[in-house]
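In: quick one, what's the 3D model for this:
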Amino acid sequence: MDKLTLLGFLVGLVGILTGQILEGSDLGILFQGAAFLIVFGGTLGAVMVQSSGKVFFTAVKMGRWAFVPPKLAGRDTVRQLTEWSNLTRKEGMLALEARIPGITDPFLKKGVQLLVDGHSADEIRAVLEIDIHTWEQLRWQSARVWEAAAGYSPTIGIIGAVLGLMHVMQNLTEPSKLGGGIAVAFVATIYGVAFANLLFLPVANKLKALIMQHTHMRDMVVDGLCAIANGNNPRLVELKLESYLV
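Out: Residues are numbered from 1 along each chain as shown. Below you'll find the predicted structure:
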C-alpha cells in the first residue's frame, strides 16, 4: 500500500469537508446521488468512447497501482544478473538453461532464453527494446485515459449543474425552495472539479511516474544481459547495474 497516496487523498478530502463545516454549511448537501451519477457516469462514458477496449481495461487495472504499486526488486535483479555473469564466465551460457524455469518475470525470462540460444548482445538488445517499447506504449496510453477523465470530468460537472438549474427553473412558483435547489445544482460542478483534481489527474501522474520507473528497470535488465552476452567482467557488470539504482 502506498501510504503517501492514501494520505494525500484523505488530506485533500478532509480539507474540503472541513472548509465546508467552517463556512457553516451543511455537509449533507455535498452528498447528492444524482450529481454523482451524472459526473461519474458521464466521465466514464466519455473515456470509453475515446479508448480501445484493451487500453481502457488496462487503465482500469492500472488504477490500483496508485494505491498498491507493483514492487521494483532492483537490488535483487542486480544480484541475480551479477550471479549469472559469474556463472557464465565459469561454465558458459548453457549453464543458465537450468535457471530459466525458476524465473517468474516474463521479460527477464525471455532475455535469458535469448542468451542461452546464443544470440549476440546486439540481437538481444534489438528484441528486448521492442518488448520495452510495446509494454511502455500500452501503459502510457492507459495512463492517458485517467488524464482524459480529468479533462472530461469538470465539463460533465457543468452539464450536471445546468440540468439541476433546469429543474430549479421548473419550480419558480415555490421561491422558498430556490436557494436549496440552486445549491444542489452546483454540487455536480464540485464533483466534476474534485474528481479531476483529487483523483483522476493525480492517479494519471502517479501512473506515469511508475511506468518510467519500470521502464528504467527494464533498461537495466537489457544492459545486464548484453554485458553477460559480451562476457564482461562480473564486477564491472555489477558496478554498471548499480548505477541504475537510486
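In: switch to C-alpha atoms for all contacts and neighbour counts from now on
Out: Noted.
In: tell me how the chain divides into domains.
Out: 1-29, 32-246 (automatic domain parsing).
In: mean neighbour count, these: which tops it?
Out: domain 32-246 (a mean of 17; mean count of other CA atoms under 10 Å).
In: could you tell me the end-to-end distance of it?
Out: Length of domain 32-246, first residue to last, CA to CA, to the nearest Å: 46 Å.
In: for the residue nearest the centre of the chain, what are its contacts?
Out: Centrality entry for the chain: nearest residue to the mean C-alpha point is L207, 2.5 Å, by CA atoms, centre = their mean. Taking CA atoms under 8 Å, 6 or more residues apart in numbering, we find L207 in contact with M62, G63, W65, A66, A143.
In: ok, back up a step: weakest of the domains of the chain by average pLDDT?
Out: When the domains of the chain are compared by mean pLDDT, domain 1-29 comes last with a mean of 82.
In: V203: which element?
Out: helix 201-229 (DSSP states H and E).
In: now for the helix or strand immediately after that helix in the chain, which elements pack on it?
Out: Per DSSP H and E, helix 201-229 leads on to helix 234-242 as the next helix or strand towards the C-terminus. Judged by 3 or more CA pairs under 8 Å, 6 or more residues apart in numbering; DSSP states H and E, helix 234-242 is in contact with helix 74-91, helix 201-229.
In: I'd like these written out as JSON lines, with distance to L30 added.
Out: Listed next are the helices and strands packed on helix 234-242 as JSON lines, based on distance: least, CA to CA, whole Å:
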{"stretch": "helix 74-91", "distance to L30": "45"}
{"stretch": "helix 201-229", "distance to L30": "21"}
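In: nearest to E136, out of those?
Out: E136 lies closest to helix 201-229 among those, at 7.0 Å (CA to CA).
In: angle of the closest one against helix 234-242?
Out: Orientation of helix 201-229 against helix 234-242 (axes from the mean of the first three to the mean of the last three CA atoms, to 10 degrees) gives an angle of 170 degrees.
In: chain center to helix 201-229, what's the gap?
Out: 13 Å (CA atoms, centre = their mean, to the nearest Å).
In: what angle sits between it and helix 74-91?
Out: Going by the same axes, to 10 degrees, helix 201-229 makes 10 degrees with helix 74-91.
In: numbering from 57 from now on, please.
Out: Sure thing, new numbering starts at 57, so read that last one as helix 257-285.
In: surely E153 touches L171?
Out: No: counting by CA atoms under 8 Å, E153 does not reach L171; the two are 9.1 Å apart.
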